[in-house]
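**Student:** Provided below for reference: sequence and predicted model.
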Amino acid sequence: MTFPDSPDAEMRSFVRDVQAQADLKSTADAERACRATVSALGERLTARQAEELGSGLPENLEPSLTRHSGKAQRFDAHEFLDKVSGEIGSVDEDEVETEVKAVLHTIREWAPRRQVETTIAQLPGDLAAMFR
């Protein structure tokens with residue numbers, strides 16, 4: 001039995017939010033976009049910031065966000081989209097950007113404001129703009 005506040009229920013709710021925002025046909029596509037975007041974001045953040053942001057997201061996403069331990073990598077929005085594109089298997093840049101923005105907007109809605117603000121502060125301007 002699944003309870004409304006269980007990690008699986010939270011993840012399903014998060015994925016449904018992304019699916020609706022990106023107008024994706026399946027929850028599997030939305031979940032793939034979530035994991036790929038969160039993983040790429042985790043590469044761009046310090047380990048501490050990834051852990052802090054992860055604490056405000058569904059528990060099932062935290063491993064994707066925090067799996068890249070160590071120093072934050074430097075890359076811009078274009079490289080970020082390339083990383084996500086490889087993970088979701090799409091070469092349509094507009095489609096990938098739509099999905100990434102849907103995930104980032106959902107993160108902004110779910111995570112505490114302070115965690116989102118400190119996350120955005122670690123990103124270059126073009127990538128930070130995708131949160132808005």
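**Tutor:** Received it, and whenever you're ready, just let me know what you need.

**Student:** Now for H78, how many residues are close by?
**Tutor:** Number of residues near H78 (other Cβ atoms under 10 Å) recorded here: 12. Every C-beta, even on glycine, is put in place using the N, C-alpha and C of the backbone.

**Student:** What is the helix or strand containing it packed up against?
**Tutor:** Counting by DSSP states H and E, the element that carries H78 is helix 77-88. Judged by 3 or more Cβ pairs under 8 Å, 6 or more residues apart in numbering; DSSP states H and E, helix 77-88 is in contact with helix 27-44, helix 93-110, helix 125-128.

**Student:** Just put those in TSV and tack on distance to A20, mean neighbour count and mean pLDDT.
**Tutor:** Formatted as TSV, these follow (distance: least, Cβ to Cβ, whole Å; neighbours: other Cβ atoms under 10 Å; pLDDT from 0 to 100):
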stretch	distance to A20	mean neighbour count	mean pLDDT
helix 27-44	9	22	96
helix 93-110	8	20	97
helix 125-128	23	14	96
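
**Student:** Need those in CSV (columns: distance to D76).
**Tutor:** Below are these laid out as CSV (distance: least, Cβ to Cβ, whole Å):
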stretch, distance to D76
helix 27-44, 10
helix 93-110, 13
helix 125-128, 6
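
**Student:** Quick one: closest of those helices to S55.
**Tutor:** helix 93-110 (11.1 Å; Cβ to Cβ).
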